[in-house]
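need a 3D model of the sequence below.
(chains A, B, C and D)
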There are 2 protein chains.
Amino acid sequence: MPTNRTKREDILDSALKLFAERGFDATTIPMIAGDARVGAGTIYRYFENKEVLVNTLFQHYVQAFKGMLEEEYPQESSSREQFHHLFQRMVQFTNEHEHALYFIKTHNGAYFLNESSRKQFSCLWKILRDFLDKGKERGEIRQLPSLALIAIIFGGFLELEQLIRSEELEASRDLLHGVEESCWDAVRHHH
Amino acid sequence: MPTNRTKREDILDSALKLFAERGFDATTIPMIAGDARVGAGTIYRYFENKEVLVNTLFQHYVQAFKGMLEEEYPQESSSREQFHHLFQRMVQFTNEHEHALYFIKTHNGAYFLNESSRKQFSCLWKILRDFLDKGKERGEIRQLPSLALIAIIFGGFLELEQLIRSEELEASRDLLHGVEESCWDAVRHHH
DNA sequence: CAAAACGGAATGAATGTTCATTCCGTAATT
DNA sequence: AATTACGGAATGAACATTCATTCCGTTTTG
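As a prediction, the model looks like this:
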């Protein structure tokens, strides 16, 4: 139980960045230590091993993202407004934690994730599935498996995030609004 | 120029599968050799090293995919028909080379890709960009950066492919048709 | 035509390197 | 002064790559 929380967070921040940029296997402990300006051994004071570190990170951000999506969720509004809420929160979350969503997505399903990480992740999917299922009942959302719709929204959004991070696109208000519109047209029911 | 092409292809097939499933860094040469039923040393008879192997694979499938998209491309048709062509070919390519698109996508931008691989990849993007740019001029495609639209189509499609491979979804005719419709609605211009 | 010699393909044990993890002397904190 | 935190060299395991050897189809020789 460290009295000084800073080192632990430095390590987590560096690990998040490196895992997102290079992937788990291509990121070495000495790399993380160097980036966090910490001795390699210090990492083992806070995390039992590399797998515990990556699972901690994964669960932390899945949890945080879930919280962000659920907070002030407009339970009673139309699917369009609910979609707007979810999309906005996705953007906000990305702004606050630059690499987090990309890290989650690229490391989801990986061999080193433990039971608990997998469970938490499927619980995140559930939020989106519930939104879509309810929208389909109301006839506001396209009749397609929710998993497929989530794939389209999330896949598209994360691909976009990558382009913005690599500075091939700029995250202007216009662009984000346009992408929201485009994703909404992908999932909504058309007459 | 080997007289027997089989071993080289066995190696390439195994490498594609393993790179797609586990990623470049988590895939070891002995793993590939084992899967291909070949001695580890044999791999070095055909490929100078692991990086050359992955670049060969990458370029091969980017090239093949490009060829598949361009063949019989309906240059004179409407954007809708052109989109249908591209989407169909994407599906067909995935059927013929189970892991290829996912491998390309997950390894694009990786640190071990050489200049030539990167060049080939951007040339693949160009095909899609030209289609979208022309469609925008005609007012049939949404006014959004082509890169962003490509991200939405490709991101969504590949996310979907993953779900199908992991058997969370079944690739029925209905599903593919629905997804095509959904992606088209994401990129087309709405009145 | 049989037998011996040849040569390239294939192998997997051996090599050197890189990594995750441990260990221990030093610095900071109480 | 004792306890805890830290750093980075040390360790052993796992890896990519190499290499001496085997294998096998073809060619040469007697």
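
so residue A:60 makes contact with residue A:12?
Yes: if you go by CB atoms under 8 Å, residue A:60 and residue A:12 touch, sitting 7.5 Å apart. (Glycine included, C-beta is placed from N, CA and C.)

and the one helix or strand residue A:62 maps to, what's buried?
For residue A:62, the element it lies in under DSSP states H and E is helix A:50-70. Residues A:50, A:53-59, A:61-62, A:65-66, A:68-69 are the ones in helix A:50-70 that count as buried (16 or more other CB atoms under 10 Å in any protein chain shown).

do that helix and DNA strand C come into contact?
Yes: looking at helix A:50-70 against DNA strand C by CB under 7 Å from any atom of the strand, the contacts come from A:50-51.

toward the C-terminus, what is the element adjacent to that helix?
As assigned by DSSP H and E, the chain's next helix or strand after helix A:50-70 is helix A:79-96.

tell me the mean pLDDT over that following helix?
Mean pLDDT, computed over helix A:79-96, is 96.

in it, which residues are buried?
So for helix A:79-96, counting by 16+ other CB under 10 Å, buried means A:79, A:82-83, A:85-87, A:89-91, A:93-94.

and if you look at stretch A:29-46?
By neighbour count with 16+ other CB under 10 Å, stretch A:29-46 contains the buried residues A:29, A:32-33, A:35-36, A:38, A:42-43, A:46.

pretty sure residue A:111 sits in a helix.
No: with DSSP: H, G, I helix; E, B strand; the rest coil as the criterion, residue A:111 is coil rather than part of a helix.

residue contacts, residue A:7?
A:36, A:38, A:42, A:46 (CB atoms under 8 Å, 6 or more residues apart in numbering or on different chains).

who are the packing partners of the longest helix anywhere in chain A?
Counting by DSSP state H, the longest helix found in chain A is helix A:115-137. In this structure, helix A:115-137 packs against helix A:50-70, helix A:79-96, helix A:146-165, with contacts taken as 3 or more CB pairs under 8 Å, 6 or more residues apart in numbering or on different chains; DSSP states H and E.

what count of nearby residues applies to residue A:73?
14 (other CB atoms under 10 Å in any protein chain shown).

including pLDDT and secondary structure, could the buried residues of stretch A:29-46 go into JSON lines?
Output for those, formatted as JSON lines (pLDDT from 0 to 100; DSSP: H, G, I helix; E, B strand; the rest coil):
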{"residue": "A:29", "pLDDT": "96", "secondary structure": "helix"}
{"residue": "A:32", "pLDDT": "96", "secondary structure": "helix"}
{"residue": "A:33", "pLDDT": "96", "secondary structure": "helix"}
{"residue": "A:35", "pLDDT": "95", "secondary structure": "helix"}
{"residue": "A:36", "pLDDT": "95", "secondary structure": "helix"}
{"residue": "A:38", "pLDDT": "95", "secondary structure": "coil"}
{"residue": "A:42", "pLDDT": "95", "secondary structure": "helix"}
{"residue": "A:43", "pLDDT": "96", "secondary structure": "helix"}
{"residue": "A:46", "pLDDT": "96", "secondary structure": "helix"}
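
for residue A:139, give me its contacts.
residue A:189.

helix, strand, or coil at it?
Under three-state DSSP, the three-state class of residue A:139 is coil.

stretch A:32-40 and chain B, are they touching?
No: applying CB under 8 Å from any CB of the partner chain, one finds stretch A:32-40 out of contact with chain B, separated by at least 15.0 Å.

quick one: end-to-end length of that stretch, please.
End-to-end span of stretch A:32-40 (CA to CA, to the nearest Å): 8 Å.

how about the residue sitting nearest the centre point of chain A, what does it touch?
Central residue of chain A (CA atoms, centre = their mean): residue A:101, 2.6 Å from the mean position. Residue A:101 makes contacts with A:61, A:65, A:90, A:93-94, A:158, A:161, as judged by CB under 8 Å, 6+ apart.

which of those residues sits closest to residue B:124?
Relative to residue B:124, the closest of these is residue A:158; by CB to CB it sits at 19.4 Å.

the residue lying closest to that closest one once chain neighbours are set aside and residue B:176, how far apart?
Of all residues not flanking residue A:158 in the chain, residue A:105 sits nearest, at 5.1 Å (CB to CB, 6 or more residues apart in numbering or on different chains). Separation of residue A:105 from residue B:176 (CB to CB, to the nearest Å) stands at 23 Å.

so the residue of chain A most remote from its centre, which of the three states?
Going by CA atoms, centre = their mean, the residue of chain A most distant from its centre is residue A:191, 32.3 Å out. At residue A:191 the chain is in coil, as set by three-state DSSP.

which residues does stretch A:166-176 contact?
Contacts of stretch A:166-176 (CB under 8 Å, 6+ apart): A:91, A:160, A:163-164, B:109, B:144-145, B:147-148.

one step back: who has more neighbours, residue A:105 and residue B:176?
residue A:105 (20 against 17).
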